[in-house]
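J.: Turn this into a model:
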Amino acid sequence: MSKATVKKLHWRSKVQESFVPLSAGVGSGELGLAIGGGADYGEFPFVTAAPGGGATVGDIILEIGGTPVLGMTLGDVRGVLNSCPHPIRIKTVSPGSSLCKDLRLYLSKCFTPGSVDSQLQQLIRENLYLRAVPCKMHLNTH
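T.: Predicted coordinates for the structure are as follows:
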């Protein structure tokens, strides 16, 4: 008897696109979405609350308004979120074994060059390097 092999779907096939509404309060102007994580915490940005619907708590945020946010700090992700016209279009994916919230773990993996995962790693690195602060070392020569 042969075992049936179950092919796992790649995380890319599970990406969901939705729109973030404003909160229900009349004239509140508040977004119906809260986010956490970010590169400064070594994590992908993710949904922490979605009282307005349109997203699932715990989902990793890939794009906000067409801007890829993976590898950005939490402050930068919030900046993108707050600068988008309403309603805001976001792309999310549920975390799984191949794409979890741990940014460092994902960057440490080795993927086939040119694959979706390899391209995503490159995008993350570019976003990280854009936010790196160069510093000069001054050597004391006395």
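J.: only C-alpha atoms for contact and neighbour calcs from this point on.
T.: Noted.
J.: Near residue 119, how many other residues are there?
T.: Neighbour count of residue 119, defined by other Cα atoms under 10 Å: 14.
J.: so where's the chain uncertain?
T.: 1-8, 22-30, 130-142 (pLDDT under 70).
J.: okay, the longest helix along the chain in PDB with CA atoms only?
T.: Assignment by DSSP state H gives helix 116-130 as the longest helix of the chain. The C-alpha coordinates for helix 116-130 follow below in PDB (Å, rounded to 0.1, in the frame of the first residue of the first chain):
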ATOM      1  CA  VAL A 116       9.200  33.700  -4.800                       C
ATOM      2  CA  ASP A 117      10.800  33.200  -1.400                       C
ATOM      3  CA  SER A 118      14.300  34.300  -2.600                       C
ATOM      4  CA  GLN A 119      12.700  37.400  -4.200                       C
ATOM      5  CA  LEU A 120      10.900  38.100  -1.000                       C
ATOM      6  CA  GLN A 121      14.100  37.800   1.000                       C
ATOM      7  CA  GLN A 122      15.700  40.300  -1.400                       C
ATOM      8  CA  LEU A 123      12.800  42.800  -0.900                       C
ATOM      9  CA  ILE A 124      13.000  42.400   2.900                       C
ATOM     10  CA  ARG A 125      16.800  43.100   2.800                       C
ATOM     11  CA  GLU A 126      16.300  46.200   0.600                       C
ATOM     12  CA  ASN A 127      13.700  47.600   3.000                       C
ATOM     13  CA  LEU A 128      16.000  46.800   6.000                       C
ATOM     14  CA  TYR A 129      19.000  48.500   4.300                       C
ATOM     15  CA  LEU A 130      17.000  51.600   3.400                       C
END
